[in-house]
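Q: the amino acid sequence is not available; the structure is as follows:
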C-alpha cells in the first residue's frame, strides 16, 4: 500500500509535504555538480530528487513542486540553466515517471520513455550515436519487466526488497531526466554526435552517482514514514479506513452463480455493507494491536 497516496488526501498534510519538498529542492540544487561534455557548463544532481518528489507527492504535485522550484531558481540564477526555460522539462518528466511508478501506474512511465527515445532517434545525432542511450533503454526494460512490482517492492516490509525498489525508482527517473536532457542538448545547444559518443563513460558514472543518491533519499523517507506510522495508531487507523473506502468505491466483480444465490436466499453485500464489514475488521485489528502495545 502506497502510504503517501493516502496521507496526501489530507489537504493540510499535502501542503506541509509540498512546502517541505520545495524547501529541500532549494537546499539541494547548488550541491553535487558535474562538468558537461561539449559545452562550458556544469550540471547539478537535481535528477536525484525526482524519485523522492514523485514518491512523496505523486506524479502531479511532485512535478508541480520540482517545476515551480526550478522556475524560481531560474529567475534567481538563469546562467545555471543551460537549456533556458526548457530546463524545467527533464526533471518534471522524471518526477511524473517516478510518481506514476510509485503508484503502480507503470504505463505512463513507459510512454514517457518511448516518446523520448523516438524523438532522440529521429535526429541525425541520435542515429549516429545510436548506442548513447544504452542505460535509458535498460531503464525502460526494467519498467517493462517489473511494472507494478516496483510499487510493491518500495512498500515491502523486507528492507532488501525496499532497497531494490528504491534503486529501480531512482535509476529510471534519473534516466528519464538524462534522455530529455540529451534531446535538449541536440535541439537547443546543437551538440554533435561526437560529443555524445565521448560523453558515454562520463555520463554513466554521473548517473550511477545520481541513482545512488536518489535511492538513499527514497529509503530514508520510506523508513522514517514506516517508523512514524508504526507508532502513530490513530494515523494508521485513518489510513486503513481511507484505503478501504477507496477499494470499495473501485468496485470488485464477483464471479458467482446467480441461480445459487436465489436458491439459498443469499445476496452480494452492497458497497455500504462491504465497507461496514471491513471497518469492523479494522476496529478489531486496531483493538488487538493496542492491547499488544500496552502489554509490551
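A: Looks like it came in fine. Computed from a predicted model, the values in this text were never measured in an experiment. Numbering: from 1, shown residues only.

Q: all strands of this protein, in order?
A: 33-35, 42-44 (DSSP state E).

Q: so what's the residue count around residue 188?
A: When neighbours are counted by other CB atoms under 10 Å, residue 188 registers 14. (Glycine included, C-beta is placed from N, CA and C.)

Q: excluding chain neighbours, what is closest to it?
A: Once flanking residues are discounted, residue 188 sits nearest to residue 83: 5.0 Å by CB to CB, 6 or more residues apart in numbering.

Q: about what we covered before: where among the strands of the chain is average confidence lowest?
A: Sorting the strands of the chain by mean pLDDT places strand 33-35 lowest, at a mean of 61.

Q: quick check: mean pLDDT of stretch 143-161?
A: 94.

Q: the residue nearest to residue 188 against residue 183, yeah?
A: No. Using CB atoms under 8 Å, residue 83 is not in contact with residue 183, being 9.8 Å away.

Q: neighbour count winner among these two?
A: For residue 83 and residue 183, the more surrounded residue by other CB under 10 Å is residue 183, and the numbers stand at 24 against 18.

Q: check what pLDDT the more buried one gets.
A: 96.

Q: ok, it to residue 89 distance?
A: 9 Å (CB to CB, to the nearest Å).

Q: number of residues surrounding residue 92?
A: By other CB under 10 Å, neighbour count at residue 92 equals 25.

Q: please read the previous query as pertaining to residue 104.
A: For residue 104, the neighbour count with other CB under 10 Å is 16.

Q: please, where are all the helices along the stretch 101-250 of the chain?
A: Using DSSP state H, counting those that start in this stretch, the helices of the stretch 101-250 of the chain run over 106-121, 124-128, 134-146, 149-154, 159-187, 193-198, 200-230, 233-250.

Q: and the ones you listed as JSON lines, adding distance to residue 61?
A: Converted to JSON lines, the helices of the stretch 101-250 of the chain look like this (distance: least, CB to CB, whole Å):
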{"stretch": "helix 106-121", "distance to residue 61": "15"}
{"stretch": "helix 124-128", "distance to residue 61": "33"}
{"stretch": "helix 134-146", "distance to residue 61": "22"}
{"stretch": "helix 149-154", "distance to residue 61": "17"}
{"stretch": "helix 159-187", "distance to residue 61": "15"}
{"stretch": "helix 193-198", "distance to residue 61": "34"}
{"stretch": "helix 200-230", "distance to residue 61": "15"}
{"stretch": "helix 233-250", "distance to residue 61": "17"}
